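> coordinates only, sequence not included:
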């Protein structure tokens, strides 16, 4: 009836089967154990919400509104006590080894209660994402070890990602813009390392983090080809914190300025530079683009989950109000218009969750989570005692061959179509989830009237918090363009995205 | 500004209010917005009082300036372009004034205007964010002799912490509906909360009030509170729309200025067609809103047939548009739009707060249907 060749040709026609039905493709490929883990992860998040986040949420927000220099140290320590910073670290690195594929569900839960506080945890995993995306196993093992030690000692060791600069927001996030943009964080090669000069801004949780994964450039006018990724530790000479941003919301997490003034970073803190990248299959610019795709595909799915969390929080708050408030002699929840609004909010949550789940499946099969989702590795991580794995893996990570092998698997073996798929879905999950969050918060405010605008009724805080999701990790405008670039434009000749030919 | 500034008085008022907003409000916007964690801008309020902004629509025979809705909307738009907190205070006072006038309480207004030496003396606090008939807890009024006493609580009385007097909706013991009561907020039988931390209009503080057998005077007639509120609703919705329109203008101007200056990918933001589209959308929303506002003012001033429904419809449109425009106003500026160093985030919050003035927004639309569409009252567009 249909030949195999014909079948293949037809299913590879746009929209490609592999780009569209990710959850279906993942069925059977993904270890079943992840489902049980997801259940447990959600329970852990809810416990943290009940015992820490919900009682603290408005308190922290109020403190942040009163003084923008407020730092949430107390809650960073609480998250550390609850072992949230090692939750998704593989056992090979000394972590608890929960599947990173469950991290999105975890973030949704936290965000549904307090979006600001969710970043006390989320920003740390963003830092880890970029660290792991460079596949420098020696540095990754060292920093993860410190995270684990920080948990044991009660002195939290958390990470940040430092990318945005005062004159380069989007310009710092896209290789197409970097060379023409206003990047200013310069890295100078010296004996034994690099010297960094410049500033980074809007760095989530910067002031309270120990390690900062920083990108700087040896030639600012050729930034896309000279990008270097560093691991910089708080306290290093030449590195200091500047101002804390006066944000509208998300007061549970600080947005920091990082200042580098003749800051020397030794070679053993260089995660990836042009010399290391020289042996890779792709050229340096393509490799940097691939690195961004790894970061964004994972982190943007996470922001999508945060957006869904915000949407859910707004829905639950509005629902609670509607079930307790009476208008025209009837509870609001019994008014048809109100039921319709609540149904719309419920749909926004469900649709957003479906999208970030699809992005998550893409990452699990083709992106950052690929290796951990191989059944053999998954069950090895799960069932072999942590002590054995840690000892073995620590020894392996010290070898250059480990970095070479992981880069071979993750960077060289990843196909261009897979990069498009994970990056495109990451962008889609991000702007859909964050738009759902903002839309639901707006509806909650409208539905609750004067109760909605009161801080003590939570909805207004959710609105302030949710708005930021449409901006960070690339504005939603940029993410729409990125979706177009990754999943649409490739089918047409002479289509330009993010370039001077784009009007 | 789409108002037809075709008379000298209106032009002068436009210039005066714009100059006041730019010189007195804009420089202190971020600082004033810190309230309740920072000081209240009493001095600015008194300046507005001295410029007769609080008297603007009070009839001349009662000691006011006697301007109409058009003049008021011009002033409100200019003020809210820079800082709508003062707009919120003015709105609350004018709502109280409208209700008092609908209840034939001219003498009381005249007396208050005559006695007022500063803004606080003149301000009349009320629950400006709510339609009292929408299920909110109201205090109970009990008649004792010739006077009434209030007992119980009411939430979110706007300017209740700074005004001397308040217009409080309350239910009369054992009767249905609500009535308005005049009360002196300085009396000891009233407990006021700290300022309620709110989404927007931070320098337009509200308080929750508990009455402990506090003295009060009935306004107008008993059980006619809802009627007075409904009569004041249409013009005050238009005033809220004027506030929203001013906020939109401020947001658009700031976004445009930023996109003209800021570069991305080596080009000015305004040179990217995506941003041109976004700025164009903002501009369209602003123009449409200003035209609607202008036409609505004209219709209400001239007493056109069906004006009330058209004015309400216009106001709903403008209030919704403002929440969307101010969100995109932040978006156009990226991360800095979210920071308090710029005015966009405040405008975003203020637009949300202004939308909630006079009651639950979807309920306002439901009542619009019931009053104008379903009741057979002729609307402008049958």
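That came through fine. In this text, all values refer to a predicted model and were calculated from it rather than measured experimentally. Numbering: from 1, shown residues only, chains lettered A, B, ... in the order given.

> Per-residue pLDDT of residue B:293, please?
Per-residue confidence (pLDDT) for residue B:293: 97.

> hang on, isn't residue A:238 packed against residue A:262?
Yes - applying Cβ atoms under 8 Å as the test, residue A:238 and residue A:262 come out as touching, 4.9 Å apart. Quick note: C-beta positions are derived from backbone N, CA and C, even for glycine.

> okay, now residue 157: neighbour count?
Going with chain A. Residue neighbour count, defined by other Cβ atoms under 10 Å in any protein chain shown, stands at 23 for residue A:157.

> wrong one, chain B
Other residues lying near residue B:157 total 28 when counted by other Cβ under 10 Å.

> same check, this time on residue B:305
Using other Cβ under 10 Å as the criterion, residue B:305 is surrounded by 11 other residues.

> before we move on, what about residue A:166?
Around residue A:166 sit 15 other residues, with neighbours defined as other Cβ under 10 Å.

> how close does it get to residue A:381?
Distance, residue A:166 to residue A:381, by Cβ to Cβ, to the nearest Å: 41 Å.

> just residue A:359 next, same as before
Counting by Cβ to Cβ, the gap between residue A:359 and residue A:381 amounts to 22 Å.

> what about the two, which has more around it?
residue A:359 (32 against 23).

> The host helix or strand of that one: which residues count as buried?
For residue A:359, the host element (DSSP states H and E) is helix A:336-366. Residues of helix A:336-366 classed as buried by neighbour count (16 or more other Cβ atoms under 10 Å in any protein chain shown): A:338, A:341-342, A:345, A:348-349, A:352-353, A:355-366.

> how many neighbours does residue A:243 have?
When neighbours are defined as other Cβ under 10 Å, residue A:243 has 14 of them.

> helix or strand for it, which one?
Per DSSP H and E: strand A:239-244 holds residue A:243.

> Quick one: mean pLDDT over that strand.
Confidence over strand A:239-244 (mean pLDDT, whole number) is 98.

> repeat for stretch A:281-296
Summarised as a single mean, pLDDT over stretch A:281-296 is 95.

> So what touches that stretch?
With contacts defined as Cβ atoms under 8 Å, 6 or more residues apart in numbering or on different chains, stretch A:281-296 is touched by A:129-130, A:133-134, A:161, A:173-175, A:224-227, A:229, A:272, A:274, A:277-278, A:280, A:367-368, A:410-412, A:414, A:419, A:422-423, A:426-427, A:473-474, A:482.

> Please list which of those residues are also close to chain B.
Restricting the contacts of stretch A:281-296 to those adjacent to chain B (criterion: Cβ under 8 Å from any Cβ of the partner chain) gives residue A:174.

> Drop anything exposed from the contacts of stretch A:281-296.
With neighbours counted by 16+ other Cβ under 10 Å, these contain buried members at A:129-130, A:133-134, A:161, A:173-175, A:224-227, A:229, A:272, A:277, A:280, A:367-368, A:410-411, A:414, A:419, A:422-423, A:426-427, A:473-474, A:482.

> From those residues, which land in helices?
Within the buried ones among the contacts of stretch A:281-296, membership in helices is found for A:129-130, A:133, A:175, A:224-226, A:277, A:419, A:422-423, A:426-427, A:482, as judged by DSSP state H.

> Out of the residues you listed, which is nearest to residue B:228?
residue A:427 (53.1 Å; Cβ to Cβ).

> can you give me the strands in chain B?
Assigned by DSSP state E, the strands in chain B fall at B:124-126, B:140-144, B:147-158, B:165-172, B:179-184, B:190-192, B:206-219, B:263-264, B:267-268.

> Pick the most buried one from those.
Among these, the stretch with the highest mean neighbour count (mean count of other Cβ atoms under 10 Å in any protein chain shown) is strand B:124-126, at a mean of 27.

> What about the closest residue to chain A within chain B, how many residues nearby?
Proximity of chain B to chain A (Cβ to the nearest Cβ) peaks at residue B:266, 2.8 Å away. Counted with other Cβ under 10 Å, the burial measure for residue B:266 works out to 14 neighbours.

> Am I right that it is in contact with residue A:178?
No - distance between residue B:266 and residue A:178: 10.0 Å, which falls outside the contact criterion (Cβ under 8 Å).

> what residues does the stretch 151-300 of chain B put near chain A?
Residues of the stretch 151-300 of chain B lying near chain A (Cβ under 8 Å from any Cβ): B:155-156, B:196-200, B:263-267, B:272-275, B:278.
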